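Chemist: can't give you the sequence, but here's the structure:
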């Protein structure tokens, strides 16, 4: 019935409801009543913004320099891989740390004088093809028979033939070498027939150029008109020449070329004497001291028995 909705209840029946109607709401309640859902959204948005600002402060964006360093590291790795694939089989490596990955704050300690140098690497086998290294020389020596020679290098061994050829010419031009007596002249040629071939060959193929000599991939040899220098010995030398690799290279050139000129092996003449260049110093110098030259004291020396 409609009139029931307008009927007023007795005063004692709704004391609590009357007090609620006359209660004064607090500020928070008035704020909620006024703004509705925005009353909750605004504080929540402020809290999210504060958290985001704290994250930015703790993790600042990288600077231009840092970004550049990151790019350089990525490109350096790529360049290193390309160089490794194009480089010869030698990354010669080193245990040096890659520049892009080195810890500049804590670099590795420098080697001490007692630290052994890393053993140079060399190819065990090339492609078994000898190639004449381009280049010539003036006539070496002051008189006597002229002997022409060329310099060969096996392909695929990863060494610069030009540097090897230059060392051969330097050694044979030395006044302590075979030209000392004035009875021999030498000249390097690059085309046409040559009397002597001086070749740098990988250990795996030395025996093939000196069949039956039992080089075992270790020693050098001379066969016919070819003096064969073993790449392994050229690269690391031998124990008796430890620390004197340049001198060993001089010795092995003079020794094998000496065989071409008809000189045979000889022994040590006595304790403390210079080892004759035709002594097998690659194997042992005995009681002698190392010596790389046929005429270490001038042309008066006997190449088979230097003083």
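Modeler: Structure received. This structure is a prediction, so every number in the text was calculated from the model and none was measured.

Chemist: tell me the phi and psi of residue 257?
Modeler: phi -70, psi -30 (degrees, to the nearest 10).

Chemist: what's around the nearest residue to it once chain neighbours are set aside, how many residues?
Modeler: Nearest residue to residue 257, sequence neighbours excluded (C-beta to C-beta, 6 or more residues apart in numbering): residue 227, at 5.3 Å. All C-beta spots, glycine's among them, are computed from the backbone N, C-alpha and C. Here the number of neighbours of residue 227 (other C-beta atoms under 10 Å) works out to 27.

Chemist: isn't residue 227 right next to residue 197, touching?
Modeler: Yes - using C-beta atoms under 8 Å, residue 227 is in contact with residue 197, at 7.2 Å.

Chemist: Does residue 173 touch residue 138 like I think?
Modeler: No - counting by C-beta under 8 Å, residue 173 stays clear of residue 138, with 9.2 Å between them.

Chemist: which one of these two has more residues nearby?
Modeler: Each of residue 173 and residue 138 has its neighbours counted (other C-beta under 10 Å); residue 173 has more, 15 against 9.

Chemist: and the closest residue to residue 122 other than its chain neighbours, how far is that from residue 174?
Modeler: Nearest non-adjacent residue to residue 122, counting by C-beta to C-beta, 6+ apart: residue 235, 4.1 Å away. Going from residue 235 to residue 174 by C-beta to C-beta, to the nearest Å gives 22 Å.

Chemist: is the residue nearest to residue 257 in a bridge, and if so with what?
Modeler: residue 198, residue 222 (DSSP bridges).

Chemist: quick one: contacts for it?
Modeler: By C-beta atoms under 8 Å, 6 or more residues apart in numbering, residue 227 lies in contact with 196-199, 220, 253, 256-257, 259-260.

Chemist: What subset of those residues is buried?
Modeler: 196-199, 220, 253, 256-257, 259-260 (16 or more other C-beta atoms under 10 Å).

Chemist: And what about residue 148, helix, strand or coil?
Modeler: Here residue 148 is recorded as strand under DSSP: H, G, I helix; E, B strand; the rest coil.

Chemist: From residue 127, how far out is the nearest residue to residue 165 once chain neighbours are set aside?
Modeler: Computed as C-beta to C-beta, 6+ apart, the closest residue to residue 165 that is not its neighbour in sequence is residue 151, at 3.9 Å. Distance of residue 151 to residue 127, given as C-beta to C-beta: 18 Å.

Chemist: Looking at those two, which is more packed in?
Modeler: For the pair residue 151 and residue 127, the greater number of neighbours falls to residue 151 (27 against 13), based on other C-beta under 10 Å.

Chemist: so that one sits in a strand?
Modeler: Yes - in this structure, residue 151 lies within a strand as judged by three-state DSSP.

Chemist: re the thing from before, ok, residues contacting the helix or strand harbouring the residue nearest to residue 122?
Modeler: Using DSSP states H and E, residue 235 sits within helix 231-236. For helix 231-236, contacts defined as C-beta under 8 Å, 6+ apart pick out 119-123, 126, 154, 157, 159, 164, 200-203, 217-220, 245, 248-249, 252, 282.

Chemist: Likewise for stretch 122-130?
Modeler: 89-90, 152-159, 197, 199, 201-205, 208, 217, 231-232, 234-236.
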